[in-house]
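S.K.: fold the following for me, if possible:
(one chain, ligands or ions: 2)
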Amino acid sequence: MSKRDYYAVLGVERNASAQEIKKAYRALALKYHPDKNPDNKESEDLFKEAAEAYSILSDTEKRGMYDQFGHAGVAAGSGAGGFDESVFSGFEDILGDFFGFGSGGRRRSARNRPQQGRSLEQLLTLTFQEAFEGCEKSVEVHRAEPCETCTGSGLKTGAKSHTCSTCGGMGQVQVQSGFFAISRTCHACGGRGQTISPSDRCGTCHGAKHIEKTRPLDVTVTAGVDTGMKLKVRGQGEPGALGGPAGDLYLVIKVEDHEFFKREGENLFARIPISFSQAALSTEIEIPTLHGVETLKVPAGTQTGKQFRMKRAGFSIVGRPHRFGDLFLEAVVVTPTKINKRERELLEELAEIEGDHITEHKSVFQKVKDFFN
Ligand SMILES: [Zn+2]
Ligand SMILES: [Zn+2]
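M.R.: Ligands and ions are numbered 1, 2, ... in the order given. Below is the predicted model:
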């Protein structure tokens, strides 16, 4: 069976631009893709034919050979290469966004591409006051750093690494998945294309190339942070590979509870216990706010549950250092449990004086009783 002209296969002119060729191929590939035409031999053949045409016409050198010598110029063994496996990597490039080839186009460069180091997460515990004011903290960062003995090569002095026998140094292996060949990172060498034999490994890192280290790091914590927030310290994660940048360090904030205040966003809440006489007669209470001691005036006749609001006595807001929430104080009138002799005398006297009021209460109680009888 004779081959059709590649330009005819793609339905483009002989002087078509690379863009026109790509566009024509993409349309055909989408139309005849096996996923869309399951068990259709004709579609599969048309799909392969379009792929073959594209593999030649998208390559300037092969296209030149084809224009000059026709199919003979690009046949397998002619030196320019015909329809081979490499065409599949072209699929990944061009169809990646249509058919979910996540690794589309990565195959050729994965081995040498600089890789960013892993990002790290670490807990950072702060006191309530530290979170409120912001602070400087020294944290111990645990991370992998390049081995100093072998300067990150993983090799013994004078030893050399070998080309990985699993992937032949490509760093990637091809996995046949039905009609497609999909590239995956080689597990034997981790995508580096090189392996180190056990006897050639660095005595310090045993070929791992890095070593776990703990280093102190000074960080500045912004005022107003809260539990669960993450502080990003750029470039303080694990080092990158092949010249790639280091990862980042994320400090996960945990703010310790305060014995007196509860926090909700930028507002603070607290209960203030006051005695019966303070509640009845009015009083002034010194409140140790985060901003310093402030005086709260409690008016006469204050009941349990009465709320007082101290404006701007709450938490600062992250990134807005001059904005503060409010402090809400809830009065709790405390009934005394231990009283001395003098207090007892006074309370008894008070009870006596209250007798008149209580008589009023009694009469109300009597009315209720009568109602039910
Ligand atoms: Zn390998
Ligand atoms: Zn080493």
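S.K.: low-confidence regions, the stretch 151-300 of the chain specifically.
M.R.: 177-178 (pLDDT under 70).
S.K.: 90 instead, please
M.R.: Within the stretch 151-300 of the chain, the stretches with pLDDT under 90 are 151-154, 157-162, 164-198, 206-213, 238-246.
S.K.: can you map out the helices along it?
M.R.: 276-281 (DSSP state H, counting those that start in this stretch).
S.K.: neighbours around residue 316, how many?
M.R.: Counted with other C-beta atoms under 10 Å, residues neighbouring residue 316 total 23. From N, CA and C alone the C-beta is placed, and that goes for glycine too.
S.K.: for residue 123, see how far away it is.
M.R.: Distance, residue 316 to residue 123, using C-beta to C-beta, to the nearest Å: 22 Å.
S.K.: ok, residue 318 next?
M.R.: Here residue 318 is placed at a distance of 19 Å from residue 123 (C-beta to C-beta).
S.K.: more neighbours, those two?
M.R.: Shown here are residue 318 and residue 123; by other C-beta under 10 Å, residue 318 has more neighbours (16 against 9).
S.K.: what does this structure have sitting close to ligand 1?
M.R.: With C-beta under 5 Å from the ion as the criterion, the chain meets ligand 1 at residues 164, 166, 167, 186, 188, 189.
S.K.: the last one and residue 171 touch, don't they?
M.R.: Read it as residue 189. Yes. Using C-beta atoms under 8 Å, residue 189 is in contact with residue 171, at 6.7 Å.
S.K.: list the residues that contact both of the two?
M.R.: Each of residue 164 lies in contact with both residue 189 and residue 171 under the rule C-beta atoms under 8 Å, 6 or more residues apart in numbering.
S.K.: beta-bridge partners for residue 137, please?
M.R.: Per DSSP bridges, the residues bridged to residue 137 are residue 219.
S.K.: for the closest residue to residue 3 other than its chain neighbours, grab phi and psi.
M.R.: Spatially, and ignoring its direct neighbours in sequence, residue 3 is nearest to residue 71 (5.1 Å; C-beta to C-beta, 6 or more residues apart in numbering). Dihedral angles phi and psi of residue 71 (degrees, to the nearest 10) take the values phi -60, psi -30.
S.K.: what about residue 71, how many neighbours?
M.R.: By other C-beta under 10 Å, the residues close to residue 71 number 15.
S.K.: list the buried residues for stretch 164-173?
M.R.: Buried residues in stretch 164-173, counted by 16 or more other C-beta atoms under 10 Å: 164, 167, 169, 170, 171, 172, 173.
S.K.: quick revisit: export the residues of the chain next to ligand 1 to JSON lines and tack on distance to residue 278?
M.R.: Below are the residues of the chain next to ligand 1 laid out as JSON lines (distance: C-beta to C-beta, whole Å):
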{"residue": "164", "distance to residue 278": "81"}
{"residue": "166", "distance to residue 278": "81"}
{"residue": "167", "distance to residue 278": "81"}
{"residue": "186", "distance to residue 278": "77"}
{"residue": "188", "distance to residue 278": "78"}
{"residue": "189", "distance to residue 278": "77"}
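S.K.: pick the one among those residues closest to ligand 2.
M.R.: Ligand 2 has its nearest neighbour among the residues of the chain next to ligand 1 in residue 189, at 17.1 Å by C-beta to the ion.
S.K.: which SS state does residue 131 fall under?
M.R.: What DSSP: H, G, I helix; E, B strand; the rest coil gives for residue 131 is helix.
S.K.: quick one, what contacts it?
M.R.: Residue 131 makes contact with 221, 223, 224, 225, 226, 253, 255, 315, according to C-beta under 8 Å, 6+ apart.
S.K.: run the last query once more with 6 Å
M.R.: Contacts here follow C-beta atoms under 6 Å, 6 or more residues apart in numbering; on that basis residue 131 touches 225, 255.
S.K.: what parts of this protein come near ligand 2?
M.R.: So the chain meets ligand 2 at 147, 149, 150, 202, 204, 205 (C-beta under 5 Å from the ion).
S.K.: in PyMOL, how would I select the buried members of the residues you listed?
M.R.: Remark: buried members of the residues of the chain next to ligand 2, expressed as a PyMOL selection using 16+ other C-beta under 10 Å:
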select buried, resi 147+149+150+202+205
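S.K.: give me the subset of the residues of the chain next to ligand 2 that lies in strands.
M.R.: Residues of those located in strands (DSSP state E): none.
S.K.: need the residues of the chain next to ligand 2 in JSON lines (columns: distance to residue 287).
M.R.: Listed next are these as JSON lines, based on distance: C-beta to C-beta, whole Å:
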{"residue": "147", "distance to residue 287": "56"}
{"residue": "149", "distance to residue 287": "60"}
{"residue": "150", "distance to residue 287": "61"}
{"residue": "202", "distance to residue 287": "62"}
{"residue": "204", "distance to residue 287": "58"}
{"residue": "205", "distance to residue 287": "57"}
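S.K.: for the residues of the chain next to ligand 2, which one is nearest residue 249?
M.R.: Closest approach between the residues of the chain next to ligand 2 and residue 249, by C-beta to C-beta: residue 147, at 20.4 Å.
S.K.: pLDDT at that closest one, what is it?
M.R.: Residue 147 carries a pLDDT value of 88.
S.K.: how about it: what's its closest non-neighbour residue?
M.R.: In space, residue 147 is closest to residue 205, 3.8 Å off (C-beta to C-beta, 6+ apart).
S.K.: got phi/psi on the one you found?
M.R.: The phi/psi pair for residue 205 (degrees, to the nearest 10) reads phi -100, psi 0.
S.K.: and residue 128, by the same measure?
M.R.: Here residue 128 shows phi and psi, under degrees, to the nearest 10, equal to phi -60, psi -40.
S.K.: you'd agree it is up against residue 257?
M.R.: No. Between residue 128 and residue 257 there is no contact under C-beta atoms under 6 Å: 7.4 Å.
S.K.: those two - which one has more neighbours?
M.R.: Set residue 128 next to residue 257 and count neighbours by other C-beta under 10 Å: residue 128 wins out with 18 against 11.
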